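Enquirer: Need a 3D model of the sequence below.
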Amino acid sequence: MIGRGPVSEEVVTNDLAFVMGGSSLGMALATWGVMEHYAWKHATILLDANSFTNLYSQFAETLLRASRSNRISGISLSLISIKQITEANLVKSLKTAQLQSRVMIISAPAATALRMLRIASRLNMTNGNYAFINFQNTLQEPYGKLSDFANPSPADLPAVQSLIFLTPRQNELEAQRNKPLNDRLKALSRDLYNATYDEDSQPLDAVVVRATYDSVDFFMRLLNTSMDTDGKFTCSGRNLALKATNRTFSLRTGVSFIDENGVRQLDTAVYRFSLTTNSMQVSVRT
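Expert: As a prediction, the model looks like this:
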């Protein structure tokens, strides 16, 4: 089974599956990397528990499990689950979080994150003493786009400046090499589905798009390694899956590493707000 991901840890432990779209654990580890960089030891997760997708609940659960295991040390988490996104509930949740931590991990769509940030600003939580992290696995609606945080009003400026935004992203070399393919995919998306991308966002930045495109290439390269000298396939499904782990593949879209759990490790870009461009810009890649 080849999954487009991201998937939960339960799927990752299936030795007949490998995942091209990353996992919630990979998202969690990227978030830990940011916290370790700033030497933050505690954070509160603000979870949209009634979102259109279970991705955000999955991400929050993985964060909590990782903090209690030996994968991550020295960082603790607490969780506030918001079952209904209303003004009153957000105010109450932020006031509670304010008493617990100075770092908030918003596990919710970008539009909800921006709404939380605006309320946090009214609560004097965007004065530089608090930080907010939002991880989006793809820059498409209804998850959210970078442009959601661009050109803020003067009242919203402190809020977006408090945000650290994470998302999987091609590295610059891959993006340059894949420009013809990205342009073709953008045209197809526009013509067939009337869907457009932000100017600084490419189709292959979207995990599901790249995972779908790469899956065929990946599977054919994997099949070729299972052929014997007579050109016959003698490999079982389990052995075929084993051949994919702890291995680097040179695919048409770039180099990909499949870890020991059968999960492709995705490059993550960390964005901060830039006053120069009045928009979110890459500050570092992990």
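Enquirer: just so I have it, where are all the strands in the stretch 51-200 of the chain?
Expert: Here the stretch 51-200 of the chain has its strands, by DSSP state E, counting those that start in this stretch, at 76-82, 103-107, 131-135, 163-168.
Enquirer: tell me the most buried of those strands?
Expert: strand 103-107 (a mean of 26; mean count of other CB atoms under 10 Å). For every residue, glycine as well, the C-beta is placed using N, CA and C.
Enquirer: Show residues contacting that one.
Expert: When contacts are defined by CB atoms under 8 Å, 6 or more residues apart in numbering, strand 103-107 is touched by residues 31, 35, 40, 42-48, 56-57, 59-60, 63, 77, 94, 97, 112-113, 116, 120, 130-135.
Enquirer: Just checking: what are the partner strands of that strand?
Expert: Taking DSSP bridges as the criterion, strand 103-107 forms sheet pairs with strand 42-48 (parallel), strand 131-135 (parallel).
Enquirer: between those strands, which one is nearest to residue 205?
Expert: strand 131-135 (14.2 Å; CB to CB).
Enquirer: Residue 140: how many residues sit nearby?
Expert: 20 (other CB atoms under 10 Å).
Enquirer: Run through the stretch 151-286 of the chain and note the low-pLDDT ranges.
Expert: The model of the stretch 151-286 of the chain has pLDDT under 70 over residues 225-237, 286.
Enquirer: quick one: the helices in it?
Expert: Secondary structure of the stretch 151-286 of the chain (DSSP state H, counting those that start in this stretch): helices at 157-161, 172-177, 179-193, 207-225, 237-243.
Enquirer: Quick check: which helices or strands does the second one pack against?
Expert: Other elements packing on helix 172-177 under the criterion 3 or more CB pairs under 8 Å, 6 or more residues apart in numbering; DSSP states H and E are strand 254-258.
Enquirer: just how off-centre is the strand it packs on within its chain?
Expert: Put simply, strand 254-258 sits 17 Å off its chain's centre (CA atoms, centre = their mean, to the nearest Å).
Enquirer: So what touches it?
Expert: Against strand 254-258 from outside (CB under 8 Å, 6+ apart): 18, 20, 170-171, 173-174, 177-178, 214, 218, 244-249, 264-265.
Enquirer: do the same with stretch 273-286
Expert: Contacts for stretch 273-286 (CB under 8 Å, 6+ apart): 30, 33, 146-147, 149-152, 160-161, 163, 165, 169, 171, 267-272.
Enquirer: can you pull the buried residues of that stretch?
Expert: Within stretch 273-286, the residues scored as buried using 16 or more other CB atoms under 10 Å are 273, 279, 280, 282.
Enquirer: Between the helices of the stretch 151-286 of the chain, which one is closest to residue 253.
Expert: helix 207-225 (5.8 Å).
Enquirer: The closest one: how far from the chain's middle?
Expert: Here the centre of mass of C-alpha atoms in helix 207-225, compared against the chain's by CA atoms, centre = their mean, lies 20 Å away.
Enquirer: and that helix with strand 163-168, angle?
Expert: Put simply, helix 207-225 runs at 30 degrees to strand 163-168, going by axes from the mean of the first three to the mean of the last three CA atoms, to 10 degrees.
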